[in-house]
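[1] Build me a model:
(chains A and B)
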Amino acid sequence: KAGVTQTPRYLIKTRGQQVTLSCSPISGHRSVSWYQQTPGQGLQFLFEYFSETQRNKGNFPGRFSGRQFSNSRSEMNVSTLELGDSALYLCASRISGGQETQYFGPGTRLLVL
Amino acid sequence: ELKVEQNPLFLSMQEGKNYTIYCNYSTTSDRLYWYRQDPGKSLESLFVLLSNGAVKQEGRLMASLDTKARLSTLHITAAVHDLSATYFCAVDPIETGNQFYFGTGTSLTVIP
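    As a prediction, this is how the structure comes out:
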């Protein structure tokens, strides 16, 4: 069974630009969550989507947004990039939620210059 | 504010030794997860603990959960170099639902 895939794997942007990251969950998984990982703040929850609906949102500014498509693939968008947005962005999927673990993708490493 | 704290943050141990990583959390949760992350890699699921007193073992790693004390432990037995990685615990509180809160991580280095 194929794992969670994320594209692109690496990205360099400049301040003020916007970026879109993509995540394809494991087949059959309908829940997709996004996390930001930085050395200073650790792993922080961004949002979670289930069946095309945002079910939960973390404490991030409105510049961070996401969506999920009918095939469960998800995208997250960051507008007006800031230097502090440089991070590893991880996507994780699970079947629906509840008492299941999450399966993580390889991540997209974003560098904002 | 919900907190998930791990200690120690850094752990250097010799091969063959035993040690325990602690994960304390501040919310009511009967769901606790352990993950491993190798440098430059993503997170790999190790254990899922779903009730008070749950114990899971895989190889040299054993995880347990005490929901009353809001404490989980990850015990390493006879460490080997391959266990060098960063270990994270995470909780999925019932009140927030579907939102994982991760601990600070414990960076483990096993020295030959």
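
[2] How about the secondary structure of the residue at minimal distance from the centre of chain A?
    The residue lying closest to the centre of chain A (Cα atoms, centre = their mean) is residue A:34, at 3.2 Å. Secondary structure, DSSP: H, G, I helix; E, B strand; the rest coil: residue A:34 is strand.

[3] Do I have it right that it meets residue A:91?
    Yes. Counting by Cβ atoms under 8 Å, residue A:34 sits close enough to residue A:91 to count as a contact (5.7 Å). Every C-beta, even on glycine, is put in place using the N, C-alpha and C of the backbone.

[4] intersection of neighbour lists for those two?
    Common neighbours of residue A:34 and residue A:91, using Cβ atoms under 8 Å, 6 or more residues apart in numbering or on different chains, are A:23, A:74, A:76.

[5] Strands along chain B, start to end?
    For chain B, applying DSSP state E gives strands covering B:4-7, B:10-14, B:19-25, B:32-37, B:43-49, B:55-58, B:61-66, B:71-76, B:85-91, B:101-102, B:106-111.

[6] one step back: for the residue nearest to the centre of chain A, what are its contacts?
    Here residue A:34 is in contact with A:23, A:45-48, A:66, A:74, A:76, A:89-92 (criterion: Cβ under 8 Å, 6+ apart).

[7] now do residue B:34
    B:23, B:45-47, B:49, B:63, B:72, B:74, B:87-90.

[8] What of residue B:46?
    Residue B:46 neighbours (Cβ under 8 Å, 6+ apart): B:34-36, B:58, B:61, B:63, B:74, B:87.

[9] Over to residue A:51?
    A:30, A:68.

[10] same thing but at 10 Å, please
    By Cβ atoms under 10 Å, 6 or more residues apart in numbering or on different chains, the contact list for residue A:51 reads A:30-31, A:68, A:70, A:72, A:96.

[11] I'd like the residues you listed laid out as JSON lines, including neighbour count, distance to chain B and pLDDT.
    Shown next, in JSON lines, are those (neighbours: other Cβ atoms under 10 Å in any protein chain shown; distance: Cβ to the nearest Cβ, whole Å; pLDDT from 0 to 100):
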{"residue": "A:30", "neighbour count": "16", "distance to chain B": "11", "pLDDT": "95"}
{"residue": "A:31", "neighbour count": "24", "distance to chain B": "7", "pLDDT": "95"}
{"residue": "A:68", "neighbour count": "24", "distance to chain B": "13", "pLDDT": "98"}
{"residue": "A:70", "neighbour count": "7", "distance to chain B": "20", "pLDDT": "96"}
{"residue": "A:72", "neighbour count": "21", "distance to chain B": "15", "pLDDT": "96"}
{"residue": "A:96", "neighbour count": "12", "distance to chain B": "9", "pLDDT": "87"}
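
[12] that older thread, spatially nearest residue to the residue nearest to the centre of chain A (excluding sequence neighbours)?
    Nearest non-adjacent residue to residue A:34, counting by Cβ to Cβ, 6 or more residues apart in numbering or on different chains: residue A:46, 4.1 Å away.

[13] what does residue B:100 give?
    Spatial nearest neighbour of residue B:100, chain neighbours left out: residue B:90 (4.6 Å); criterion: Cβ to Cβ, 6+ apart.

[14] Bridged to that neighbour, which residues?
    Taking DSSP bridges as the rule, residue B:90 bridges to residue B:33, residue B:102.

[15] Using TSV, lay out the contacts of residue B:46 together with pLDDT.
    As requested, the contacts of residue B:46 are exported to TSV (pLDDT from 0 to 100):
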residue	pLDDT
B:34	97
B:35	97
B:36	97
B:58	96
B:61	98
B:63	98
B:74	98
B:87	98
